[in-house]
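In: Generate a structure from the sequence data that follows.
(chains A and B)
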Amino acid sequence: GAVVSQHPSWVICKSGTSVKIECRSLDFQATTMFWYRQFPKQSLMLMATSNEGSKATYEQGVEKDKFLINHASLTLSTLTVTSAHPEDSSFYICSARVTWAYNEQFFGPGTRLTVL
Amino acid sequence: GQQLNQSPQSMFIQEGEDVSMNCTSSSIFNTWLWYKQDPGEGPVLLIALYKAGELTSNGRLTAQFGITRKDSFLNISASIPSDVGIYFCAGLGSSNTGKLIFGQGTTLQVKP
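Out: Numbering: from 1, shown residues only, chains lettered A, B, ... in the order given. The predicted structure follows:
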C-alpha cells in the first residue's frame, strides 16, 4: 500500500504562535513530498515541494520564512507555520510521491488549522 | 501557466444514474490522475492514466486519457450514495518536478 499520515488532524492555536504539522509515509520511503493548502469549496493549492535532504522549493507567492519545511528523513516531512495569524487558518494536506509509480501521489488525511 | 478546466462544477443526480465529468487543458499532460475527496479528508487516488488513449476501469469507475493528451474524463456507473464527494482531476506535465496541476473539482451529490 501507500499510506500517508498527518499529525495532528486538527489544531487550534492563538495568533502569533507557531504550529508544526507532520507528514509521514507509513509503508514506503518518499524522497519527495508536497504540501498543499485548501480553502473551503476550493481546489488544492500547491505550497511547496519537499525534497529529502535538501531545501524545499516554494511556489510563487508562498513565504518560505512563514511556512518552514523540513524533510529530514525518507518518511517524514514537517511544515511549521510560524507566527500564525487568522488568515493562515486552512486545511493543510501533504502528499508523497511513490517510487514504484513515479507519477502518482498519495495524500495524507489533512490537518485543519484554526488560528484564533 | 498550465491550467485545468474541470466540468461540471457540481452535479445532483438520482441513485442509480451514470455520471460523467471531464477535464480539459490547453497544455499537454503525460499523466492524468483522478481523485475523490470526502469532507474533511485528503484526496484518495481513484485511477491513474499514463498513455494517450488509455481507458482504465476501477469497479464502477472508468477514466480515459484523451488522444490529444489535453483532456480526460471520468465516468461513474450506477451511482450509489457513497459516491458523494468532490472529484478532482490532476495532470502531470513533462517536467520531472512531480508537481500536479489540479482541476477545480466536481461536487457530486446523490439522492437516494
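
In: Need the per-residue pLDDT for the residue in chain A sticking out farthest from the centre.
Out: Residue farthest from the centre of chain A, counting by Cα atoms, centre = their mean, is A:Trp100 at 21.8 Å. For A:Trp100, the pLDDT comes out at 73.

In: ditto for the one 4 residues further on
Out: The predicted local confidence for A:Glu104 comes out at a pLDDT of 83.

In: any low-confidence regions in chain B?
Out: Chain B contains residues with pLDDT under 70 at B:1-2.

In: Within range of chain A, give me the residues from it.
Out: Selection of chain B residues close to chain A by Cβ under 8 Å from any Cβ of the partner chain yields B:30-31, B:33, B:35, B:40-45, B:48, B:50, B:88, B:92, B:97-100, B:102-105. Bear in mind the C-beta positions are built from the backbone N, C-alpha and C, glycine included.

In: Narrow these to those in helices?
Out: Of those, none are assigned to helices by DSSP state H.

In: In contact with B:Asn58: list those residues for me.
Out: B:Leu46, B:Ile47 (Cβ atoms under 8 Å, 6 or more residues apart in numbering or on different chains).

In: And for the one 5 residues further on?
Out: Under the criterion of Cβ under 8 Å, 6+ apart, the neighbours of B:Ala63 are B:Trp32, B:Trp34, B:Leu46, B:Ile47, B:Leu49, B:Leu55, B:Thr56, B:Ser57, B:Ser72, B:Phe73, B:Leu74, B:Asn75.

In: continuing past the strand or helix carrying it, what's the next helix or strand?
Out: According to DSSP states H and E, B:Ala63 maps onto strand B:61-65. Next helix or strand after strand B:61-65 toward the C-terminus (DSSP H and E): strand B:71-76.

In: May I see the buried residues of that next one?
Out: Going by neighbour count (16 or more other Cβ atoms under 10 Å in any protein chain shown), the buried part of strand B:71-76 is B:Asp71, B:Ser72, B:Phe73, B:Leu74, B:Ile76.

In: can you pull up the bridge partners for the nearest residue to B:Leu45 once chain neighbours are set aside?
Out: Using Cβ to Cβ, 6 or more residues apart in numbering or on different chains and skipping residues adjacent in sequence, the residue nearest B:Leu45 is B:Tyr35, 5.7 Å away. Bridge pairing for B:Tyr35 (DSSP bridges) gives the partners B:Leu45, B:Phe88.

In: contacting residues around B:Tyr35?
Out: Residues in contact with B:Tyr35 (Cβ under 8 Å, 6+ apart) are A:Phe107, B:Pro43, B:Val44, B:Leu45, B:Leu46, B:Tyr87, B:Phe88, B:Cys89, B:Ala90.

In: One more: A:Ser9?
Out: Contacts of A:Ser9 (Cβ under 8 Å, 6+ apart): A:Pro109, A:Gly110, A:Thr111, A:Arg112.
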